[in-house]
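>>> missing the sequence, but the structure's below:
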């Protein structure tokens, strides 16, 4: 007999189940030879200058402004190899808050090793998660990026002042996921010529993006603060979204490891 | 000897097993727990049972939260202040919602019932999911005027809440998702499906309608059911029912969509318990069902977004109803009152 008593049989059974359940819930996988990491860094700039909250700048259109807040969502990150095969980051939601330095850099984990030639991401949050109820992490409504009266995330929140603005205040809360005022935009800023992201078990490349605030107010749509200084979704937010899609983000450089 | 060692060990391991995954998330459905059964005459719910499996502890936690005025800035207004069970969780005798510092909103606090089946919530459909519904009144300056971080601070400072949340969701800081899921558990329990009409359509005992009520049902089917559709008595569309000529005070659905075509449109409300949910319309302008039926008969006014169903071939507006049809309709509407729901002690403020 393998088990001499009922209780020892039960014990063995429980041990087995407990082990199984630990395995099932444990997503802290050990380092695997075919998996690596990739760091993404977001540096917020105003043209050629670094962004400092409270500092005075001038837009490309000649409007003076000062920012007190800049937050935006980067989500649904996808890496593409030269052969077209893709890897999508699971649960891919990141909130960059300018006043919290730690949020400006994050690491994609368990990336299959290989040579990647393109990174695609969404500025904002996909429509599904806008309507999926109470979320946690980057999507927690505690992050003050959720419209309570009109369910959905604020994809990009820029606040500040400008003497050109009607009441002196700049309030750009860009969001909305329903046609015709959908502001979800997916972008793939190109890697520097000839650069390939070599993800290896022992090597984590870092991609350094520059996010240029000036590009929110220029591009397909010229935004003058005398005409638009307050938007919380709707057609005017779409104009800003078309600008952020057109050129707010670019890859400045890549650290090979 | 072996037995003595093995039993406590097994208990510890069993405890670990439960604790290792989601704590308590899959407690067996409790018989009679509001929200745990789906009525046979309703369609599939928008907020499915498995999105937040009904669980007695979570329900009771949500119930305590729903009736807790600490969810408001100054501790004066709870969800239950403006959503009273005896009137199907509408606000008895209040035209407009009544918030902290006696501030008045711009809309009538709607009845809360069968929320599990709602694809959108609020008069303008602005809220998309039952779980995030409470964020709107909590943060509205003319309602509860509070912030989510403050609410969570108050809950985390309260030993009873800490203990109750830990029992349902595991130990640790009470988070926004736990708070909202607990409230959703309670609100998902506001199922009204036991009116005399329900017994009638399901062929159950107690489901007898009088001749007058049946004539009212026929009038209803011919004139009202295209919008107040299905046994939920709403098709969940947004429509302009001819209340106003212009919408400067409240643009309704357009507030959410920014579309001119949506100006003056509001959610078609369910008619369940309608005899109890006065006053009526998004701004509570009508006090009686007579006034409501008179409005549909002769009271409508012209505007660009008036629902085409109210335009008659002769150029007149509304739904012509004889005095007899109105009284038959009223008789029918009274059969939608669900005393079991209105008096269910499990939905009342906890003692």
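Here it is on my side, so go on. No experiment lies behind these values; they were computed from the predicted model shown.
>>> Pull the contacting residues for residue B:239.
The neighbourhood of residue B:239, defined by CB atoms under 8 Å, 6 or more residues apart in numbering or on different chains, consists of B:227, B:265, B:266, B:268, B:307, B:309. Backbone N, C-alpha and C define where each C-beta goes, glycine included.
>>> Now for these: which two are most distant?
Greatest spatial distance among these (CB to CB): B:266 and B:309, at 14.8 Å.
>>> The spatially most central residue of chain A: what secondary structure?
Centroid-nearest residue in chain A, with CA atoms, centre = their mean: residue A:74, separated by 1.3 Å. Three-state assignment for residue A:74 (DSSP: H, G, I helix; E, B strand; the rest coil): strand.
>>> Might you report the residue contacts of it?
By CB under 8 Å, 6+ apart, residue A:74 lies in contact with A:40, A:42, A:94, A:95, A:96, A:121, A:122, A:123.
>>> Please identify the pairing partners of whichever helix or strand residue A:107 is part of and their relative orientation?
According to DSSP states H and E, residue A:107 maps onto strand A:105-112. The pairing partners recorded for strand A:105-112 under DSSP bridges are strand A:35-46 (antiparallel).
>>> chain center to the partner strand: distance?
10 Å (CA atoms, centre = their mean, to the nearest Å).
>>> After it, heading C-terminal, what element do we hit next?
strand A:49-50.
>>> how many other residues sit next to residue B:101?
Close neighbours of residue B:101, defined as other CB atoms under 10 Å in any protein chain shown, add up to 11.
>>> I'd like the distance between it and residue B:125.
Counting by CB to CB, to the nearest Å, the separation of residue B:101 from residue B:125 is 28 Å.
>>> can you check residue B:133 too?
From residue B:133 across to residue B:125, the span is 12 Å (CB to CB).
>>> Repeat that for residue A:185.
The spacing between residue A:185 and residue B:125, counted by CB to CB, is 25 Å.
>>> Which one of those two is surrounded by more residues?
A direct count of neighbours by other CB under 10 Å for residue A:185 and residue B:125 places residue B:125 higher, at 24 against 21.
>>> so residue B:101, which of the three states?
Under three-state DSSP, residue B:101 falls in the helix class.
>>> For it, list the residues it contacts.
B:74, B:145.
>>> Report pLDDT for it.
At residue B:101, the model reports a pLDDT of 87.
>>> same thing with the one 5 residues further on?
According to the predicted model, the pLDDT of residue B:106 comes to 89.
>>> was I right about it contacting residue B:249?
Yes. Here residue B:106 lies in contact with residue B:249, judged by CB atoms under 8 Å, at a distance of 6.9 Å.
>>> neighbour count winner among the two?
For residue B:106 versus residue B:249, neighbours defined as other CB under 10 Å are more numerous around residue B:106 (12 against 8).
>>> so where do the helices sit in the stretch 51-200 of chain B?
B:56-66, B:79-82, B:135-139, B:148-156, B:159-169, B:176-187, B:196-201 (DSSP state H, counting those that start in this stretch).
>>> looking at the ones you listed, which is buried most?
helix B:176-187 (a mean of 25; mean count of other CB atoms under 10 Å in any protein chain shown).
>>> quick one, what contacts the residue positioned nearest the centre of chain B?
Nearest to the geometric centre of chain B sits residue B:112, at 2.3 Å (CA atoms, centre = their mean). Shown in contact with residue B:112 (CB under 8 Å, 6+ apart): B:83, B:88, B:89, B:90, B:187, B:190.
>>> hmm, try it at 6 Å
For residue B:112, the contact set (CB atoms under 6 Å, 6 or more residues apart in numbering or on different chains) comprises B:83, B:89, B:190.
>>> that older thread, residue B:266 and residue B:309: which has the busier surroundings?
Each of residue B:266 and residue B:309 has its neighbours counted (other CB under 10 Å); residue B:266 has more, 23 against 12.
>>> Pull up the residues of the stretch 51-200 of chain B that are close to chain A.
Residues of the stretch 51-200 of chain B lying near chain A by CB under 6 Å from any CB of the partner chain: B:126-129, B:131-132, B:135-136, B:139, B:148, B:176-177, B:180-181.
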